[in-house]
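Colleague: Build the 3D model from these lines:
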Amino acid sequence: MPTETQADKKPRRARAKTPTAAAVVPAAPAVPLPAMPQQGQARAVIDAVLPQVDAGRFAVKRVVGEALAVTAHVFTDGHDKVRARLCWRKEGADAAQGWQETEMQPEGNDVWSASCAPDAQGRWRYTVCAWVDHFQSWRAELLRRVDLADILIAARVGAELVRQASERAQGEDRTRLASLADNLRNRAEQAGRATIAEIDSVSLEVASIKAAALSDDLALLADRWPDRSHAVWWSAEGLPLVVDRERAAFSSWYEMFPRSAALEEGRHGTFKDVQARLPYVAEMGFDVLYLPPIHPIGRARRKGRNNTLVAQDGDVGSPWAIGADEGGHKDVLPALGTPQDFRDLVRAANALGIELALDIAFQCAPDHPYVKAHPDWFRKRPDGSVQYAENPPKKYQDIYPFDFETEDWRAMWLELKSVFDHWIGEGVRIFRVDNPHTKAFAFWEWVITAIKAEHPDVLFLAEAFTRPKVMHRLAKLGFSQSYTYFTWRNNRHELMEYFEELAHGPGADYYRPNAWPNTPDILNEHLHDGPRSIFMSRLVLAATLSASYGIYGPPYELLQGEPREPGSEEYRDSEKYQVRHWGELTLEREDSIAGFIATVNRIRKEHVALQSNSSLRFFDTSNPYLIAYAKRDAQGRNAVLTVVNIDATFTQSGWVHLDAAWLGAEGGGFVAEDLLTGQSFDWQDGGNFVMLVPSQMPAHVIKIRGNA
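Modeller: Numbering: from 1, shown residues only. Okay, here's the model as predicted:
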């Protein structure tokens, strides 16, 4: 064996010594386990609940008695059966009262549905609960079993499930379930002890046991007392729902300037003059009378006629320039009358089925008492003067906007809320809010929530002609209704696209449209010196496409369409800056369409189909100047079809392609009764010829009357 030379010698690695127990280095700590769920035995899954607005951040809206249709995506692992229930309750109600519930039905592909109809105004909550139902799972398995032994074993399992249901049951159900459980178990045990010689009779008995176990009576009884010990909830507190009174969803508005209500030319109108006009408004079928601001009007920087910068002697100024020595937002312009006169007007309107809506414009004239008492509520310019309102190139020198970034914002918010409180105390329950998009969103959410908590019947209309997302945000924050872009939607494609979005788009659960063909601020070019037919067709479109609509009168029914200058949307000699005289107002005036308006409003009130937007459906026409659409009630029994010639000058004709079954006409043929003219036509499924002459009648509003 060779010996190791000195040159071969290398340093040897030290042999590791076995460490003693005390010397062992601790291992790195393991990754902490995730927290276990509180309900590890809960196997049902609720993957979605619809509708909801921004993941429940804002409330879905309905009116009293209107169905809230809810869908949920519900499933579980494996092949067990699940059940789900829609649950709802009034917000703030005694928790001991619990949730009202209704069973959800499977629609296929793990989608479940149910509806509820809250019966009172206010804020509600709704949610979905689901669970694995062992009785239904057992029943589904038993249905598939054919082996005698398997059936008998399954019957004994079922008997135990029925017995457990009896322990949850109350009253007579408890006794019946216990008896059924004993009977099912005893029969299964007895059949299981049978001999081979008795096989034929056993087969018959097993078949009888299976039939009894699968009986509908047993299923209905057991289903009333399910085991929900492992139920899951979409949300324990529920999703928000605001339930308003009916007028939030269906209303007809008429706007009138009180100062122009006098019968005698040259006299400033009063509340008493408006009261004298109430029968006329009622005859036209309007249920909301909206008044522009009725407060003292500022004298500093008052605007003159046609929005001139310098007022002349006798110029009355803009009602939206609020506040003067006589008071501010809680006071009335002395020329209109007294607070008692206003209260009398409210009562007289209510007696005729009309509600008074008041304009709330949170802005001040330079001589408003707020400007002197709270100068820090307004934004200052570099020279120390208050910044007046601007919307370049427009300037409103007679209006100071509030500064919602003021350090004293809390006091300002409370004071502004007190304006609503004051007029609610005077009997007003509807407010049209001027330019809400120019005030802080947080303020609107707070003030509307606070007011509706005290007065759930109060309604708010947002006058916000601005960007779509801003308009939708205001609706989410609590505004009951919202103005629309209807005024600027004139051709068939624009109208169809826009109202399809309003009726069926993502905002349908919270954005309630209110369509206006005109306002004191907006005289669309479509109406400029237009013929009678354009005023009629635009009214029919507004009143039948939207469940809520309004007109600014008397200019609308008197066919006033003269702009301040070509291309302007301002009226010449606008009531915003001067008193106008309209003379005697009746339905029979030859230069008026008041009688036609009364007919349209009567049709709206007599046909439930027109009182909602959710069923709106458009139909194809062969002529782009004809637009056709229909609405129907929830039961599909009342359908109203509207066809409008949107060409104000020329006769238009073409084919309207209808779905008779959708309209509720069985067999394909039906009688089309024109509610505007009284004419009747025999129509059918598919194409029907229409010709509309603007100078005679630019529209059909048709009731479907059974089979032709």
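Colleague: Please enumerate the helices of the stretch 151-300 of the chain.
Modeller: Secondary structure of the stretch 151-300 of the chain by DSSP state H, counting those that start in this stretch: the helices cover 171-192, 199-213, 216-223, 271-283.
Colleague: Buried deepest among those helices, which one?
Modeller: helix 271-283 (a mean of 19; mean count of other CB atoms under 10 Å). C-beta coordinates here come from the backbone N, C-alpha and C atoms, glycine included.
Colleague: which strands and helices sit next to that one?
Modeller: Packing partners of helix 271-283 (3 or more CB pairs under 8 Å, 6 or more residues apart in numbering; DSSP states H and E): strand 288-291, helix 339-351, helix 594-606.
Colleague: Ok, which of these comes nearest Tyr571?
Modeller: Across the helices and strands packed on helix 271-283, Tyr571 has its closest neighbour in strand 288-291 (17.0 Å, CB to CB).
Colleague: Could you list every helix and strand in contact with the closest one?
Modeller: Secondary-structure packing of strand 288-291 (3+ CB pairs under 8 Å, 6+ apart): strand 251-255, helix 271-283, strand 355-360, strand 430-434.
Colleague: Residues touching the third one, excluding its own?
Modeller: I take that to be strand 355-360. With CB atoms under 8 Å, 6 or more residues apart in numbering as the test, strand 355-360 has contacts from 247, 253, 287-294, 319-320, 329, 345-346, 349-350, 419-420, 423, 427-434, 461.
Colleague: Buried members of the residues you listed into PyMOL, please.
Modeller: Filtering those down to the buried ones (16 or more other CB atoms under 10 Å) takes a single PyMOL command:
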select buried, resi 247+253+287+288+289+290+291+292+293+294+319+320+329+345+346+349+419+420+423+427+428+429+430+431+432+433+434+461
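Colleague: in what helix or strand does the spatially most central residue of the chain lie?
Modeller: By CA atoms, centre = their mean, the chain has its centre lying nearest to Tyr510, at 3.3 Å. Per DSSP states H and E: Tyr510 is located in neither a helix nor a strand.
Colleague: ok, it touching Arg57?
Modeller: No. With contact defined as CB atoms under 8 Å, Tyr510 does not reach Arg57; the gap is 11.0 Å.
Colleague: what's the overlap in contacts for the two?
Modeller: Lys476.
Colleague: about what we covered before: switch the helices and strands packed on strand 288-291 over to a markdown table; also include distance to Val82 and mean pLDDT.
Modeller: Shown next, in a markdown table, are the helices and strands packed on strand 288-291 (distance: least, CB to CB, whole Å; pLDDT from 0 to 100):
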| stretch | distance to Val82 | mean pLDDT |
| --- | --- | --- |
| strand 251-255 | 42 | 98 |
| helix 271-283 | 55 | 98 |
| strand 355-360 | 47 | 98 |
| strand 430-434 | 45 | 98 |
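Colleague: buried set for stretch 586-593?
Modeller: Of all the residues in stretch 586-593, those buried under the rule 16+ other CB under 10 Å are 587, 592-593.
Colleague: my bad, stretch 220-235
Modeller: Buried residues in stretch 220-235, counted by 16+ other CB under 10 Å: 221-222, 225-228, 231-235.
Colleague: Make TSV out of the buried residues of stretch 586-593 and add pLDDT and distance to Ala262.
Modeller: Listed next are those as TSV, based on pLDDT from 0 to 100; distance: CB to CB, whole Å:
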residue	pLDDT	distance to Ala262
Leu587	97	20
Ser592	97	18
Ile593	98	23
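Colleague: Nearest to Cys129 among the residues you listed?
Modeller: Closest to Cys129, out of all of those and judged by CB to CB, is Ile593, at 54.4 Å.
Colleague: Nearest residue to the closest one in space, ignoring adjacent ones along the chain?
Modeller: Closest residue to Ile593 apart from its sequence neighbours, by CB to CB, 6 or more residues apart in numbering: Glu557 at 5.3 Å.
Colleague: lowest-confidence stretch among the helices of the stretch 151-300 of the chain?
Modeller: Note on the helices of the stretch 151-300 of the chain: helix 199-213 shows the lowest mean pLDDT, a mean of 84.
Colleague: now that helix, how far from the centre of its chain.
Modeller: Centre-to-centre, helix 199-213 and its host chain are 56 Å apart (CA atoms, centre = their mean, to the nearest Å).
Colleague: Identify the residues contacting that helix?
Modeller: 139, 142, 145, 148, 151-152, 154-155, 158, 183-184, 187-188, 191, 194, 218.
Colleague: ditto for stretch 500-516
Modeller: For stretch 500-516, contacts defined as CB under 8 Å, 6+ apart pick out 51, 53, 58-61, 248-249, 251, 253, 461, 471-472, 475-476, 480-484, 486-487, 522, 541-542, 545-552, 613-616, 618.
Colleague: Only C-alpha atoms, please: export it in CSV.
Modeller: The C-alpha trace of stretch 500-516 is given here as CSV (Å, rounded to 0.1, in the frame of the first residue of the first chain):
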residue,chain,number,x,y,z
GLU,A,500,-83.3,52.5,-25.2
GLU,A,501,-80.4,53.5,-22.9
LEU,A,502,-82.7,55.2,-20.4
ALA,A,503,-85.2,52.3,-20.3
HIS,A,504,-82.8,49.4,-20.3
GLY,A,505,-79.3,50.7,-19.7
PRO,A,506,-77.3,50.5,-16.5
GLY,A,507,-79.0,53.5,-15.0
ALA,A,508,-82.5,52.1,-15.3
ASP,A,509,-82.6,51.1,-11.6
TYR,A,510,-81.8,54.6,-10.3
TYR,A,511,-82.1,57.3,-13.1
ARG,A,512,-85.7,58.4,-13.6
PRO,A,513,-86.0,60.6,-16.7
ASN,A,514,-88.2,63.6,-17.0
ALA,A,515,-88.5,64.7,-20.6
TRP,A,516,-89.1,68.4,-21.5
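Colleague: Out of the helices of the stretch 151-300 of the chain, which gets nearest to Arg85?
Modeller: helix 216-223 (11.2 Å).
Colleague: by contact count, what packs against that closest one?
Modeller: With contacts taken as 3+ CB pairs under 8 Å, 6+ apart, helix 216-223 sits against helix 134-144, helix 148-168, helix 171-192.
Colleague: Restrict the longest one to CA atoms and write it as CSV.
Modeller: The C-alpha coordinates for helix 171-192 follow below in CSV (Å, rounded to 0.1, in the frame of the first residue of the first chain):
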residue,chain,number,x,y,z
GLY,A,171,-98.0,23.5,14.9
GLU,A,172,-99.8,20.9,12.8
ASP,A,173,-96.8,20.6,10.5
ARG,A,174,-94.7,19.2,13.4
THR,A,175,-97.1,16.4,14.0
ARG,A,176,-97.6,15.5,10.4
LEU,A,177,-93.9,15.4,9.6
ALA,A,178,-93.1,13.3,12.6
SER,A,179,-95.8,10.8,11.6
LEU,A,180,-94.5,10.7,8.0
ALA,A,181,-91.0,10.1,9.2
ASP,A,182,-92.1,7.2,11.4
ASN,A,183,-94.2,5.7,8.7
LEU,A,184,-91.4,5.9,6.1
ARG,A,185,-88.8,4.4,8.5
ASN,A,186,-91.0,1.6,9.7
ARG,A,187,-92.0,0.6,6.2
ALA,A,188,-88.4,0.6,5.0
GLU,A,189,-87.3,-1.5,8.0
GLN,A,190,-90.1,-4.0,7.6
ALA,A,191,-89.5,-4.4,3.9
GLY,A,192,-85.8,-4.9,4.6
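Colleague: Where does the prediction get shaky in the stretch 551-700 of the chain?
Modeller: Applying pLDDT under 70 to the stretch 551-700 of the chain flags no residue at all.
Colleague: how about a cut-off of 80?
Modeller: By pLDDT under 80, the weakly predicted segments of the stretch 551-700 of the chain are 636-637, 666-668.
Colleague: rewinding a little: of the helices of the stretch 151-300 of the chain, which is nearest Arg637?
Modeller: Taking the helices of the stretch 151-300 of the chain one by one with CB to CB, helix 271-283 is closest: 29.1 Å.
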